[in-house]
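Novice: Turn this into a model:
(chains A and B)
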Amino acid sequence: MEVDPLIWELSIFVLAIFVGYYVVWSVTPALHTPLMAITNAISSVIIVGALIAAGPEAASAAKVMGFAAMTLAAINIFGGFVVTQRMLQMFKKKQR
Amino acid sequence: MSPNLTALAYLAASVCFVLALRGLASPNSARRGNQFGIAGMAIAIGTTVVNPEIVSYGWILAALVLGGGIGTVIALRIHMTAMPQLVAAFHSLVGMAAVLVAAAAMTNPAAFGITGADGAIRMASAIEMALGVAIGAITFSGSVVAFAKLQGLVSGNPVVFPGQHLLNLVIGIGIVVATVLFAQSPDPTLFWGLTAAAFVIGLLLIIPIGGADMPVVISMLNSYSGWAAAGIGFTLGNSALIVTGALVGSSGAILSYIMVRAMNRSFVSVILGGFGGDATVTAARSDRPVKSGSAEDAAFLLENAGSVVIVPGYGLAVAQAQHVLAEMAEKLKAKGVRVRYAIHPVAGRMPGHMNVLLAEANVPYEDVLELEEINPDFANTDVAIVIGANDVTNPAARNDPTSPIFGMPVLDVDKANTVLFVKRSLSPGYAGIDNDLFYADGTMMLFADAKKMVQDIAKEL
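Specialist: Here you go, the predicted model:
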């Protein structure tokens, strides 16, 4: 019997939680606000689901919802990365 | 693109996202981290767009331009003091996007490849969808309430009413039951009912939480937005989405833990709410005498000190005094005084907020130290100047087991030779307790608005 794809997905999920745990503890507390902004931006990778909904030719309720979801996720992606960049720019070494 | 190639591209995107977070380990590598994040996002979107099922690009382009434009303009204009609101608003968008994607999958399951041989939604997919939509809806309405509280659209006071916890429990059980029924027969009515109930409970969960607990709430909602994304990732069988959701979920959980610990609270007490409104609790104030001084006295003490530690609190940001403070510090440095900043984890309204505010005022980040780094140094500090902070310096957290803040990590400013407190009055902080440090021999109170006082001190230097 073949392993259900769900089990593979679950394996990836659990291991990724561990990766996240160790990586996030190594983030310097001074950058916790940029961390929240960037996690916000990357969690909007949910846009791939919106693309699937907005992609088919025929107009449908699903397509409209996909369009709305894409717009919201795009606000987040651009907004999140730009505001992170703005903040990190301030943490540049100051020349004295 | 073959399915294998697509899966490999999503793997590359996931690796980029891990490297993006990893980059934030130091300010030097952080900007490269952000670029990794952008690259990962570009790979994920590009891979999906070339998918053969996606044939119509007009709407996609329109959504990207519209959303991208709005997002960029907001991000460029937002004030750094308003970061907590912005992050809360962004969380709500992730939540809503998750709800919309799940709803689209509900109305057109075949496009998402979640149907079984009989054309109906598979049971595993139904459970994943129900989880994704429920967490997404809670994230959305919870973040909207958090945004409204932070932005001052509604009062920051906790909203409590009798039977609140019972009502939440009933709705919570309702959502679980609806999920189980939906898994057995994926009926759209159950799906919409479940979604509506989740919207309501998100609202009910956040309204009883007071303004002072918002750093915890924002971090928790950050975590929820990640779990919502992961739930949708399972529905779509998309590894990039699952990995990202897990990363973001654990990141938010860690930040919540850090905030809860720094505020000496427990998750349970924060979630149950009813604590920490904007209106300060009137504590039994003692009539003990205090020593108060002028800007001139403070300037004299500061410029004759060998080392000075500045303790900024949220009051500083409210008074918009971070720029004049940086000016004052530069003047002191020019006189040969060693100046450093001590940051308590809850100095701002969200994790790391004060660091950003100081960075914006051009304070070199090497001068900004965290609690664990600076505490051993207070004993060798001549003058500690506390501006707009109170509870986070209260020695009762170390010495008085009966104090409500006993055990909370505090900055040991009482160990410095002299302590200057810039404060409007002797009123207690958010915990509603008196601070013994106000009455200590080595303390001088500087009663004034933070910005005015710092300006006056800078003038005297």
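Novice: From now on I want contacts and neighbour counts done on CA atoms only, so please keep to that.
Specialist: Fine.
Novice: same question for stretch B:88-108, mean pLDDT?
Specialist: Per-region confidence: stretch B:88-108 scores 95 on mean pLDDT.
Novice: Find out how far the lowest-mean-pLDDT helix or strand in chain A is from the centre of the chain, if you would.
Specialist: Each helix and strand of chain A was given a mean pLDDT (mean pLDDT, DSSP states H and E); the minimum falls on helix A:47-54 at a mean of 92. Between the mean C-alpha location of helix A:47-54 and the chain-wide mean there is a distance of 14 Å, by CA atoms, centre = their mean, to the nearest Å.
Novice: Skip ahead from it and say which helix or strand is next.
Specialist: The element immediately downstream of helix A:47-54 (helix or strand, assigned by DSSP states H and E) is helix A:61-90.
Novice: Buried residues, that following helix. List them.
Specialist: Within helix A:61-90, the residues that qualify as buried by neighbour count (16 or more other CA atoms under 10 Å in any protein chain shown) are A:62-88, A:90.
Novice: pLDDT below threshold where in the chain?
Specialist: Here I'm looking at chain A. In the predicted model, chain A carries pLDDT under 70 at residues A:93-96.
Novice: Actually, chain B is the one I wanted.
Specialist: Where chain B drops to pLDDT under 70, the residues are B:273-286, B:430-431.
Novice: How are the strands of it distributed by residue range?
Specialist: B:307-312, B:338-343, B:368-370, B:383-387, B:418-423, B:443-447 (DSSP state E).
Novice: distance of the residue lying closest to residue B:303 once chain neighbours are set aside from residue B:317?
Specialist: Closest residue in space to residue B:303, ignoring its immediate chain neighbours: residue B:332 at 6.2 Å, by CA to CA, 6 or more residues apart in numbering or on different chains. Applying CA to CA, to the nearest Å, one obtains 21 Å for the distance of residue B:332 from residue B:317.
Novice: Likewise for residue B:152?
Specialist: According to CA to CA, residue B:152 and residue B:317 sit 16 Å apart.
Novice: more crowded one of the two?
Specialist: When residue B:152 is set against residue B:317 and neighbours are counted by other CA atoms under 10 Å in any protein chain shown, the residue ahead is residue B:317, at 24 against 12.
Novice: list the contacts for residue B:49?
Specialist: Applying CA atoms under 8 Å, 6 or more residues apart in numbering or on different chains to residue B:49 gives the contacts residue A:51.
Novice: Residue B:207 too?
Specialist: B:145, B:158, B:159, B:160.
Novice: In this structure the second one contacts residue B:210, no?
Specialist: Yes - assessed by CA atoms under 8 Å, residue B:158 is found in contact with residue B:210 at 4.5 Å.
Novice: Give me the more crowded residue out of the two.
Specialist: It is residue B:210, of residue B:158 and residue B:210, that has more neighbours when counted by other CA under 10 Å, with 24 against 21.
Novice: hmm, stretch A:60-71 touching chain B?
Specialist: Yes - contact between stretch A:60-71 and chain B is present through A:61, A:62, A:63, A:65, A:66, A:67, A:68, A:69, A:70, A:71 (criterion: CA under 8 Å from any CA of the partner chain).
Novice: Nearest to residue B:180 among those residues?
Specialist: Each of those was scored against residue B:180 by CA to CA, and residue A:62 proved nearest at 24.2 Å.
Novice: Distance of that closest one relative to residue A:49?
Specialist: 11 Å.
Novice: Quick test: name the residue nearest the centre of chain B.
Specialist: The centroid of chain B falls nearest to residue B:350 when counting by CA atoms, centre = their mean (3.7 Å).
Novice: gap between the closest residue in space to that one that isn't next to it in sequence and chain A?
Specialist: Ranked by CA to CA, 6+ apart and with sequence neighbours excluded, the top spatial neighbour of residue B:350 is residue B:215, at 4.4 Å. The gap separating residue B:215 from chain A is 11 Å, by CA to the nearest CA, to the nearest Å.
Novice: Wait, residue B:215 touches residue B:346, no?
Specialist: Yes - if you go by CA under 8 Å, residue B:215 and residue B:346 touch, sitting 7.5 Å apart.
Novice: Mutual contacts of the two, please.
Specialist: Taking CA under 8 Å, 6+ apart as the contact rule, residue B:215 and residue B:346 both touch residue B:259.
Novice: Number of residues surrounding residue 35?
Specialist: Looking at chain A here, since you left the chain open. Neighbour count for residue A:35, taken as other CA under 10 Å: 30.
Novice: should've been chain B
Specialist: As a burial measure, the neighbour count of residue B:35 was computed by other CA under 10 Å and equals 18.
Novice: Could you double-check that it sits in contact with residue B:21?
Specialist: No - in this structure residue B:35 lies outside contact range of residue B:21 using CA under 8 Å: 10.7 Å.
Novice: Okay, residue B:347 and residue B:314: tell me how far apart.
Specialist: For residue B:347, the distance to residue B:314 (CA to CA) stands at 6 Å.
Novice: so who does residue B:18 touch?
Specialist: With CA under 8 Å, 6+ apart, residue B:18 has these contacts: A:19, A:20, A:23, B:247.
Novice: Can you tell me which of the residues you listed has the most neighbours?
Specialist: Most neighbours among the contacts of residue B:18, by other CA under 10 Å: residue B:247, with 34 neighbours.
Novice: what's the neighbour count on residue B:361?
Specialist: 17.
Novice: and it, backbone torsions?
Specialist: phi -80, psi 20 (degrees, to the nearest 10).
Novice: ok now do it, which residues does it touch?
Specialist: B:322, B:323, B:326.
Novice: at 10 Å instead, please
Specialist: Residues counted as contacts of residue B:361 (CA atoms under 10 Å, 6 or more residues apart in numbering or on different chains) are A:90, B:321, B:322, B:323, B:324, B:325, B:326, B:327, B:355.
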